[in-house]
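[1] Sequence and computational prediction follow.
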Amino acid sequence: MSGLIRLEVLRVLRNRKSVFFSVIYPGVLFLLIAGSADSGTTLGDTGLTLPAYMMVSMASFGALTAVLMGNSERIAKERENGWVRQLRLTPLPGRGYVLAKTAGAAVAALPAIVLVFVVAAVVKDVRLDAWQWLALTGAIWAGSFVFAALGVAIGYAATGDAVRPITMIVYFGLSLLGGLWMPTTTFPGWLQDLAVWLPTHAYAALGRAIEQHHAPGVRDVTVLLAFFVLFTGGAAWLYRKDTLKA
């Protein structure tokens, strides 16, 4: 199993397209959104400047890109070309394949998070305590496993041709409606009420709580845990279903 994990990590690092979209793209998007923003004006009642607010959003977006986009497409294509079937003939347990995919995605998620932090600190002078930087990195990286499970589920639910449009709809829908591209305070009231129950909104809220020196909100933690159980359960069920069909 360790050999497959190493293989997956190397495959992710060698995929230049994946590295650009999951690592570089969120940092570029942060500069486009917050590059001209005033670093001294706070955003509403958050107590955060727009650069600090969007730093967490874009770091979360980068991690989401790495674990969701990469996992779903690779799994669907490997099911289609027979690679997964070949692995079932080896002593590798089913959970080993899922773990290898998750580990590979997590490797790409971490530099995506760190790069956004570096850009925000250097270009927009975002300043936090050392413990906050470490806590933010850990919280956003750990929260990305919720979406890694979703990527596995989509990869087993969709065919090779359908996986990309399905993933893109989920990816952009969760990013936009969850407030990763813009503050949800700009949404209509009914959409704000919906957004707070989305995993992407709860995901970014964990990071902002750390910036604000607050404990994570109970609702945000509950929403993330509920979706993690849902996505993990769905991925396990779809994996078993696919195994029985093979």
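    Here it is on my side, so go on.

[2] Would you map the helices across the chain?
    Assigned by DSSP state H, the helices in the chain fall at 2-14, 16-19, 25-34, 50-64, 70-80, 83-88, 94-123, 130-157, 163-177, 189-195, 199-211, 218-245.

[3] relative orientation of the third one and helix 50-64 in degrees?
    By that I understand helix 25-34. Going by axes from the mean of the first three to the mean of the last three C-alpha atoms, to 10 degrees, helix 25-34 is angled at 160 degrees with respect to helix 50-64.

[4] so for helix 25-34, what's the average pLDDT?
    Across helix 25-34, pLDDT averages out at 86.

[5] on that earlier part again, looking at the helices of the chain, which is nearest to Gly40?
    Nearest of the helices of the chain to Gly40, taken as C-beta to C-beta: helix 50-64 at 10.1 Å. For the C-beta atoms, the positions are set from N, CA and C on the backbone; glycine is no exception.

[6] name the helices or strands packed onto the closest one?
    With contacts defined as 3 or more C-beta pairs under 8 Å, 6 or more residues apart in numbering; DSSP states H and E, helix 50-64 has these neighbours: helix 25-34, helix 94-123, helix 130-157, helix 163-177, helix 199-211.

[7] hang on, the earlier thing: for the helices of the chain, which one ends up most surrounded?
    Ranked by mean neighbour count, these are led by helix 50-64 with a mean of 28 (mean count of other C-beta atoms under 10 Å).

[8] ok so, going back, export the helices and strands packed on helix 50-64 to JSON lines and tack on distance to Trp190?
    JSON lines is the format used below for the helices and strands packed on helix 50-64 (distance: least, C-beta to C-beta, whole Å):
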{"stretch": "helix 25-34", "distance to Trp190": "24"}
{"stretch": "helix 94-123", "distance to Trp190": "30"}
{"stretch": "helix 130-157", "distance to Trp190": "25"}
{"stretch": "helix 163-177", "distance to Trp190": "12"}
{"stretch": "helix 199-211", "distance to Trp190": "15"}
